[in-house]
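Student: Give me a 3D structure for the following:
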Amino acid sequence: MSIARLVITAVIVEGRSQADVARSYGVSPGWVSKLLARYRREGEAAFTPRSRRPHTTPNQLPDTTVEVILTLRRHLTAQGMDAGAHTIAWHLRHHHQLTVSHSTIWRTLDRAGLIIPEPKKRPKSSYIRFQADQPNECWQSDFTHWPLADGTDIEILSWIDDHSRFALGCTAHRPVTGPAVVATFRTLTSTYGTPASTLTDNGLVYTARFRGGRNMFEHELRARGIEQKNGHPNHPQTQGKVERFQQTMKKALSANTPATTIAELQQQLDTFRDYYNTQRPHRSLEHVVTPAVAYAARPKAVPGTAIEGGEHNRIRTDVVDSNGKLTLRHNGKLHHIGIGRTHARTPVLMLIQDLNIHIIDARTGELIRALDLDPTKDYQPQNKKSSEP
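Tutor: Below is the predicted model:
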């Protein structure tokens, strides 16, 4: 016999008080009162076990939001694009004015049966990651193969910025040659500036070092003062960022109708590159921004310079405090810099060259404040003059 039936019998049949029954059976008097009220209202149905699920779930996503998440998942997957929780969260925030946590999106996808377990995938902790500190500090390059509709083999040459993952260019060739590499490199430098270094594999279009000489690309780098870096033979992980980019590119191309000409393939590459740079947040980037935002957020490196000896003596990351201030130590003395409460909790980059300071929103690349530090004052107040670039 259930405890509920014993309690009801003791009160109704034996005529004992609710308090006495509660003490005898070790239950709360309130529970006894609720049980009696339910019995008088429902009869024998009062003894049926009740669900403990709450009557309301105020934190549950609305059905309309769930449908938007599932639609985005289907749409991005059909295009061959990344459709993970972080990417969906970015699209919800930027295109639908909805803020949903990554974990909530993941659970929504899991309930819909759209999460495929990958038990053999290496844990992130097993990877040794490196990243250039500035845009244009290092460009990675590689080329891969892709067939046209009739099976004609085309080679795609890719260039990406190591710091931001910004796709500088991806061009179709038949095939990739030394002159093509140099011509593409010159076009990119005229658009984005000259990098401080390059990182490639040991393909003959990039280096002739194993043949005891220099090729066109090596002469080009030497003439511009650009440091050339080459990965170890048979170790593509050194150029892992561009290798990973090519995987993403091929996945996107696979979702398209196969191109019939090299010109049509180039159009598909241009469309993908624009999407990858401006509409696809990259999980490897700080604050999970798009490569275009990350590329624009910091000053560009140039050949022969590093952060310590270049235009800015140091780059520091910080967060504006709740009162709208930043702190900076100069010559052992701590200074407080006014930014404004509107920027409270904003992650920033501080570009510091002696007393000259530029403060930039780390998420958007927007200049928040530029000033010359007054070392005689503890607090650097906001004013019109110091706020101007």
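Student: and H232, how many neighbours does it have?
Tutor: As a burial measure, H232 scores 10 neighbours (other C-beta atoms under 10 Å). Any C-beta I mention is one placed from the backbone N, CA and C, and that applies to glycine too.
Student: mind pulling up the phi and psi values for it?
Tutor: Listed backbone geometry of H232 is phi -70, psi 140, with angles given as degrees, to the nearest 10.
Student: quick one: pLDDT of it?
Tutor: Looking at H232, its pLDDT stands at 72.
Student: Isn't Q239 up against L199?
Tutor: Yes: using C-beta atoms under 8 Å, Q239 makes contact with L199 at a distance of 6.0 Å.
Student: Now do the shared contacts for the two.
Tutor: The contact sets of Q239 and L199 overlap at Q140, G231 (C-beta atoms under 8 Å, 6 or more residues apart in numbering).
Student: need the helices for the protein, in chain order.
Tutor: Secondary structure of the chain (DSSP state H): helices located at 3-12, 18-25, 29-42, 63-78, 85-95, 102-111, 178-192, 216-224, 240-254, 262-278, 291-296, 384-387.
Student: Which one of those lies nearest to R363?
Tutor: Of all those, it is helix 291-296 that lies closest to R363, at 6.9 Å by C-beta to C-beta.
Student: What's the mean pLDDT across the closest one?
Tutor: Across helix 291-296, the per-residue pLDDT values average to 87.
Student: same deal with stretch 93-108?
Tutor: Mean predicted confidence for stretch 93-108 is 88.
Student: most packed of the helices of the chain?
Tutor: helix 291-296 (a mean of 22; mean count of other C-beta atoms under 10 Å).
Student: Identify each buried residue in stretch 153-171, please.
Tutor: In terms of neighbour count (16 or more other C-beta atoms under 10 Å), stretch 153-171 has its buried residues at 154-171.
Student: right, I mislabeled it, should have said stretch 329-345
Tutor: H335, H336, I337, G338, I339, H343.
Student: How about the contacts made by the nearest residue to the fourth one once chain neighbours are set aside?
Tutor: This points to G338. Take G338 and drop its neighbours on the chain: the residue closest to it by C-beta to C-beta, 6 or more residues apart in numbering is Q382, 4.3 Å away. Shown in contact with Q382 (C-beta under 8 Å, 6+ apart): G338, I339, G340, R369.
Student: Got the phi and psi for the second one?
Tutor: I339 has phi and psi values of phi -110, psi -40 when expressed as degrees, to the nearest 10.
Student: Make 38 the first number, not 1, from now on.
Tutor: In the new numbering, first residue 38, that becomes I376.
Student: Does it touch A407 like I think?
Tutor: No: contact criterion C-beta under 8 Å: I376 and A407 do not qualify, at 11.7 Å.
Student: Spit out the residues that contact these two alike.
Tutor: With C-beta under 8 Å, 6+ apart, I376 and A407 have common neighbours I396.
Student: Can you list the low-confidence ranges for the stretch 88-237 of the chain?
Tutor: 155-166 (pLDDT under 70).
Student: Let me know the distance separating the closest residue to I405 other than its chain neighbours from R89.
Tutor: Nearest non-adjacent residue to I405, counting by C-beta to C-beta, 6+ apart: I396, 4.8 Å away. Distance check for I396 against R89: by C-beta to C-beta, to the nearest Å, it reads 52 Å.
Student: neighbour-wise, which of the two wins?
Tutor: Remark: of I396 and R89, I396 carries more neighbours, 25 against 5, as counted by other C-beta under 10 Å.
Student: That one against L410, yeah?
Tutor: No: applying C-beta under 8 Å, one finds I396 not in contact with L410, separated by 11.4 Å.
Student: anything in contact with each of those two?
Tutor: By C-beta under 8 Å, 6+ apart, the residues touching both I396 and L410 are I374.
Student: that older thread, which ones among the contacts of Q419 lie within strands?
Tutor: G375, R406 (DSSP state E).
Student: hang on, N293 packs against Q305?
Tutor: Yes: in this structure, N293 is within contact of Q305 by C-beta under 8 Å, at 5.3 Å.
Student: circling back to that earlier point, can you redo the helices of the chain as a markdown table with distance to T85?
Tutor: Below are those laid out as a markdown table (distance: least, C-beta to C-beta, whole Å):
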| stretch | distance to T85 |
| --- | --- |
| helix 40-49 | 10 |
| helix 55-62 | 19 |
| helix 66-79 | 9 |
| helix 100-115 | 30 |
| helix 122-132 | 40 |
| helix 139-148 | 28 |
| helix 215-229 | 71 |
| helix 253-261 | 79 |
| helix 277-291 | 53 |
| helix 299-315 | 56 |
| helix 328-333 | 57 |
| helix 421-424 | 69 |
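Student: which one of those helices lies closest to H182?
Tutor: helix 277-291 (9.6 Å).
Student: Now find how far off-centre that closest one is within its chain.
Tutor: 16 Å (C-alpha atoms, centre = their mean, to the nearest Å).
Student: Sketch out the low-pLDDT regions of the stretch 288-426 of the chain for me.
Tutor: 319-325, 342-350, 421-426.
Student: Can you identify each of the strands in it by residue range?
Tutor: With strands called from DSSP state E, counting those that start in this stretch, the stretch 288-426 of the chain shows them at 351-356, 362-367, 370-375, 384-390, 393-398, 404-409, 416-417.
Student: elements contacting the second one?
Tutor: Using 3 or more C-beta pairs under 8 Å, 6 or more residues apart in numbering; DSSP states H and E as the contact definition, the elements that strand 362-367 packs against are strand 370-375, strand 384-390.
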